[in-house]
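Novice: take a look and give me a structure for this.
(one chain, ligands or ions: 1)
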Amino acid sequence: MEMEGKKAIVFGVANKRSIAWGVARRLHSLGAKLTLAYQGERFERSLAKLVQGEGIEDALLVPCDVTEEGAIERVFEAHTERWGELHQVVHSIAFARREELEGDFTATSRDGYRMAHEISAYSLIPMALAAKEHMGEEGGALIAMTYLASQRVVPNYNVMGSAKAALEHAVRQLAYELGPLAIRVNAVSAGPLQTVSARGVAGFADSYSAHADKTPLKRNITLEEAANAGVFLLSDLASGITGQTLFVDSGYSIMASL
Ligand code: NAD
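Specialist: Next up, the predicted model:
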């Protein structure tokens, strides 16, 4: 696989365990040039260190809290100013309040529901609009990271399940709209990985260890496996694939008894 000459924006690197970091590292190792959009000041120093440690010093780092009006658009503008063109966009961000990720779904607050959907699902839409405006005639590809709780009940995921269902719908709707522009939109549905976001879900640590045994491969996936599937969907090898959700979950989602 070759990414020489490709320019990508990656949203969602918080630390070395972030799925976005796995994707960014792989894209870089294949020759792509990167813009990394991080949530805010809190992450700036650690991200700069991470990038240096990996030898990606030329990466453009841009702050972006997706709830701030105009922040997403500013990332795309900064990217185009720096790199001149855009081929790939990675959406790897999600958030729900800790209290919404435990107990009864009926306890979901109006504001918590709004916030989870705005950050985790809606944000893909302005990214796609900006991609449409910044990608050239040859088009490009977007990916988003999702989870099985969009389709099945996973205790405690609650409002994040709703947000992932909305995200997967947006992937299909955007694939339809952007297809004529040669822009593909797909999702990776990753099995559980030990990241900051995942640890916010009540009971995650216990379910993580129990999960491996219930999969056909009898193990949990690695960060690199989730990232590799994302990079595949971004690459020309996936040129005929759009609007899809690709499961990278050691086969867990095919099982009848979960
Ligand atoms: P992570 O905590 O490393 O990444 C989540 C990112 O979202 C962070 O970089 C955080 O800064 C960003 N974010 C949160 N609120 C934001 C805001 N307002 N503006 C901008 N950025 C914001 O965790 P992760 O597991 O790498 O999560 C990445 C994606 O993968 C998420 O969509 C998550 O739902 C999905 N996913 C994770 C798992 C898992 O088990 N870890 C499984 C399937 C899907």
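Novice: use CA for all of it now, contacts and neighbours both
Specialist: Fine.
Novice: secondary structure element for the closest residue to A96 other than its chain neighbours?
Specialist: Once flanking residues are discounted, A96 sits nearest to A116: 4.7 Å by CA to CA, 6 or more residues apart in numbering. Element membership for A116 (DSSP states H and E) is helix 110-117.
Novice: neighbours of M145, how many?
Specialist: 25 (other CA atoms under 10 Å).
Novice: which one is the residue nearest in space to the middle of the chain nearest to, not counting chain neighbours?
Specialist: With distances taken as CA atoms, centre = their mean, S92 lies nearest the centre of the chain, 2.1 Å away. Nearest non-adjacent residue to S92, counting by CA to CA, 6+ apart: G12, 4.9 Å away.
Novice: got a list of what the one you found touches?
Specialist: 18-21, 36-39, 91-93 (CA atoms under 8 Å, 6 or more residues apart in numbering).
Novice: near the ligand, list only the ones from these.
Specialist: The residues of those that also fall near the ligand, by CA under 6 Å from any ligand atom, are 18-20, 39, 92-93.
Novice: what are the buried residues along the worst-scoring helix or strand of the chain on mean pLDDT?
Specialist: Lowest mean confidence among the helices and strands of the chain (mean pLDDT, DSSP states H and E): helix 204-211, at a mean of 90. Buried residues in helix 204-211, counted by 16 or more other CA atoms under 10 Å: 204-205, 208, 211.
Novice: tell me the one among those nearest to L246.
Specialist: Nearest to L246 out of those is H211 (CA to CA; 18.8 Å).
Novice: mind checking what secondary structure A48 has?
Specialist: In three-state terms, and counting by DSSP: H, G, I helix; E, B strand; the rest coil, A48 is helix.
Novice: any idea how far M1 is from the spatially closest residue to V51 that is not a sequence neighbour?
Specialist: Distance criterion CA to CA, 6+ apart; nearest residue to V51, sequence neighbours excluded, is E57 at 6.0 Å. E57 sits 23 Å away from M1, going by CA to CA, to the nearest Å.
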